[in-house]
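Q: task: produce atomic coordinates for the following.
(one chain, ligands or ions: 1)
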Amino acid sequence: MHFRWLLFGVPRSTSFFVCCVIALACGGAQSQTLADEPTTQPRRPPNIVFIFSDDHAYQAISAYQDERRLIETPHIDRIAAEGMLFRRCVVPNSICGPSRATILTGKYSHLNGFYNNSNCRFDGSQVAFPKLLQAAGYQTAIVGKWHLVSEPTGFDYWHILPGQGVYYNPPMIDNGRQVKHEGYTTDIITDLSLAWLKARDPDKPFLLMCQHKAPHREWEPALRHLGHDGDRVYPEPATLFDDYAGRGLAERDQDMTIAGTMTDRDVKLIAPANLTPEQRAKWDTYYEPRNRKFRDEKLAGRDLVRWKYQRYLHDYLGCVKAVDESVGRLQEFLDEHHLADNTIVVYAADQGFYLGEHGWFDKRWIFEESLRTPCVVRWPGVTKPHSTSDDLVSNVDFAETFLDAAGLNVPAEMQGRSLRPILAGDTPGDWRKSFYYHYYEYPVPHRVRPHYGVVTDRFKLVHIYGPDTDYWELFDRQSDPRELTSVYGRAEYAAAQSDLTQELARLRDELKVPAQDAPEASGRRLNTPRRRGP
Ligand code: CA
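A: Prediction:
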């Protein structure tokens, strides 16, 4: 095995062969030096560090240059500066578990079976990229948020949060054993990831999936980041007070507004229950004076929404700061151990998120803020620094990309495509120009009706359906970048609408989408047949 890695991907010249024999003869120390030595010609398959977060909006990464300039994220930005920033990485089903299942399997929800966060359990016996890497000799680890109910498969080491996990003093599951940690969860996940990297076998390539809970609701920052923004007043998005005119019932009747859905716990009028006395004291030192002022002011209407928006951003962005520090610590390790030149580093989230746009938090919709996930990739020797891509890529492509990078065959059942040529600066001429999206979970939580549709660089054609709803919408992002007015049925869009209708049917066929959703897809509790009569 050891010898195989040394010979991987390089000309098997006599001199190289002699070097390998000498390295083997001299033992592990020399071979480690060989393997860790910086080189532009990788001697073995690249290591993969996949740093993943939950609900991290691209608007909250400085490399994406959101017009509000909400935060600086120097460590995530470094990946982009030394590699590629994807401007349009989209997800097939914008919620936590389904996104994770898609990344592992390279498949849509209707084929991997994980439709929603309510009643699904990931079938760990199916083909997933970590298993294939493991079988090919990679060391594999996952640390942090798993959120797929069943136990991880395909990992030599797994140390995960149960379910959603908590921000402070988290119980975790260490390869099946329940443990309890004290501290801030983002830091603990990073510490555990680094400990595994240090203890790994340096003679084998590795896959590390470092998966944060942050910045998921309820957005609890590290104590060191309370007040990180110096009580800055953040700019509001143009659609904070969206009236949903121009769109249908589903957009009006959701349950994910800052105004109506955000709870006292969300805005820290109630402290988390699981803080230690010392943590609680620091927590109260920051929040209590501000909460007293808020209670005294008795805000209502738009003023109340504005206050909640400001509190939301302080907390959300505070969580992001710790995630960015984690990215910095992991990169520092790779630098210090001379691993950076043969390691692919990816930073991505499971989907996008609303930071007040349309008056919302949360995700789920086909609309841009939740459809697009941040994705930056550093791959020395393949990707040029400061690269950007506007290609329509997806997290359904990640599994295929990692397998391709490792020199392994991509199973035919996977539905994405390796991003390697794009990362190398050479987008294939037949790269996808349209993308299929399908959201299922309804009615709880957040009452977002199921919908599916086709997305292109300019348009979105969407079918919204459910027990009380059935309508179509068409958005033209060129004339309506904020997606505020459906132009479905307008004469001037007849040709585009017809083309998109055909393309949607083609994609559903190609991706093997069943005509009817599976009974469990919406996450509603399935009805058991009632007995009739006596
Ligand atoms: Ca998520």
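Q: could you find the closest non-adjacent residue to Ser118?
A: The shortest distance from Ser118 to any non-neighbouring residue, by C-beta to C-beta, 6 or more residues apart in numbering, is to Gly523 (3.1 Å). C-beta: built from backbone N, CA, C; applies to glycine.
Q: how near is Trp365 to Phe435?
A: 15 Å (C-beta to C-beta, to the nearest Å).
Q: of the two, who's got more company?
A: Trp365 (27 against 22; other C-beta atoms under 10 Å).
Q: separation between the more buried one and the ion?
A: 13 Å (C-beta to the ion, to the nearest Å).
Q: now swap in Trp196 and tell me
A: 24 Å.
Q: and Cys120, by the same measure?
A: Distance, Cys120 to the ion, using C-beta to the ion: 14 Å.
Q: leaving out the residues flanking it, which one is nearest to that residue?
A: Among residues not flanking Cys120 along the chain, Phe114 sits closest, at 4.6 Å (C-beta to C-beta, 6+ apart).
Q: again, but for Arg311
A: Val267 (4.7 Å).
Q: quick one: that neighbour from the ion, how far?
A: 20 Å.
Q: go on, Val90?
A: On the measure of C-beta to the ion, Val90 and the ion end up 14 Å apart.
Q: does the residue nearest to Cys120 really touch Gly97, like I thought?
A: Yes: using C-beta atoms under 8 Å, Phe114 makes contact with Gly97 at a distance of 5.6 Å.
Q: ok, those two, which is more surrounded?
A: Set Phe114 next to Gly97 and count neighbours by other C-beta under 10 Å: Phe114 wins out with 29 against 23.
Q: which pLDDT value belongs to the more buried one?
A: We have a pLDDT of 98 for Phe114.
Q: and what of Met414?
A: 98.
Q: in what helix or strand does the residue nearest to Arg311 lie?
A: Using DSSP states H and E, Val267 sits within no helix or strand.
Q: what domains does the record give for this structure?
A: 46-220+319-423, 225-310, 435-510 (automatic domain parsing).
Q: and those as JSON lines, adding distance to Ala518?
A: Shown next, in JSON lines, are those (distance: least, C-beta to C-beta, whole Å):
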{"stretch": "domain 46-220+319-423", "distance to Ala518": "7"}
{"stretch": "domain 225-310", "distance to Ala518": "21"}
{"stretch": "domain 435-510", "distance to Ala518": "9"}
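Q: please work out which of the ones you listed is packed deepest.
A: domain 46-220+319-423 (a mean of 21; mean count of other C-beta atoms under 10 Å).
Q: which residue packs closest to the closest residue to the ion within the stretch 201-350 of the chain, ignoring adjacent ones?
A: Here the residue of the stretch 201-350 of the chain nearest the ion is Asp350; by C-beta to the ion that distance is 4.0 Å. Nearest non-adjacent residue to Asp350, counting by C-beta to C-beta, 6+ apart: Ser99, 3.8 Å away.
Q: where does that neighbour fall, helix, sheet strand or coil?
A: Here Ser99 takes the helix state, with states given by DSSP: H, G, I helix; E, B strand; the rest coil.
Q: okay, and the common contacts of Phe114 and Gly97?
A: Common neighbours of Phe114 and Gly97, using C-beta atoms under 8 Å, 6 or more residues apart in numbering, are 120, 122, 148.
Q: wait, the second one sits on Phe114?
A: Yes: in this structure Phe122 lies within contact range of Phe114 using C-beta under 8 Å: 5.4 Å.
Q: okay, and the common contacts of the two?
A: In contact with both Phe122 and Phe114: 97, 100-101, 148, using C-beta under 8 Å, 6+ apart.
Q: got those residues as JSON lines, with distance to the ion and pLDDT columns?
A: JSON lines is the format used below for the shared contacts of Phe122 and Phe114 (distance: C-beta to the ion, whole Å; pLDDT from 0 to 100):
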{"residue": "Gly97", "distance to the ion": "8", "pLDDT": "98"}
{"residue": "Arg100", "distance to the ion": "9", "pLDDT": "98"}
{"residue": "Ala101", "distance to the ion": "12", "pLDDT": "98"}
{"residue": "Leu148", "distance to the ion": "12", "pLDDT": "97"}
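Q: per-residue pLDDT, the residue lying closest to Tyr437 once chain neighbours are set aside?
A: Sequence neighbours aside, Ile366 is the residue nearest to Tyr437 in space, at 4.9 Å (criterion: C-beta to C-beta, 6+ apart). In this model, Ile366 is scored at 98, pLDDT.
Q: and the residue nearest to Tyr452 when sequence neighbours are not counted, helix, strand or coil?
A: Excluding the flanking residues, the one nearest Tyr452 by C-beta to C-beta, 6+ apart is His438, at 4.0 Å. On the three-state scheme (three-state DSSP), His438 is labelled strand.
Q: name the nearest residue to Leu197, ignoring sequence neighbours.
A: Per C-beta to C-beta, 6+ apart, closest to Leu197 is Phe333, 5.9 Å.
Q: surely that neighbour is within a helix?
A: Yes: assessed by three-state DSSP, Phe333 belongs to a helix.
Q: surely it meets Asp191?
A: No: Phe333 sits out of contact with Asp191 when judged by C-beta under 8 Å, with a separation of 11.3 Å.
Q: hang on, the earlier thing: as CSV, the shared contacts of Phe122 and Phe114 with distance to Arg482 would be great.
A: Formatted as CSV, the shared contacts of Phe122 and Phe114 follow (distance: C-beta to C-beta, whole Å):
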residue, distance to Arg482
Gly97, 29
Arg100, 29
Ala101, 30
Leu148, 34
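Q: the stretch 1-150 of the chain: strands as residue ranges?
A: Under the criterion DSSP state E, counting those that start in this stretch, the stretch 1-150 of the chain contains strands at 47-53, 84-86, 89-90, 139-145.
Q: partner strands of the last one, with direction?
A: In the sheet containing strand 139-145, the strands it pairs with under DSSP bridges are strand 157-161 (parallel), strand 206-211 (parallel).
Q: which residues touch the first one?
A: The set of residues external to strand 157-161 that reach it, using C-beta under 8 Å, 6+ apart, is 139-147, 151-152, 170-175, 185, 192, 196, 213.
Q: give me the distance from stretch 423-443 to the chain's centre.
A: Distance of stretch 423-443 from its chain centroid, counting by C-alpha atoms, centre = their mean, to the nearest Å, is 15 Å.
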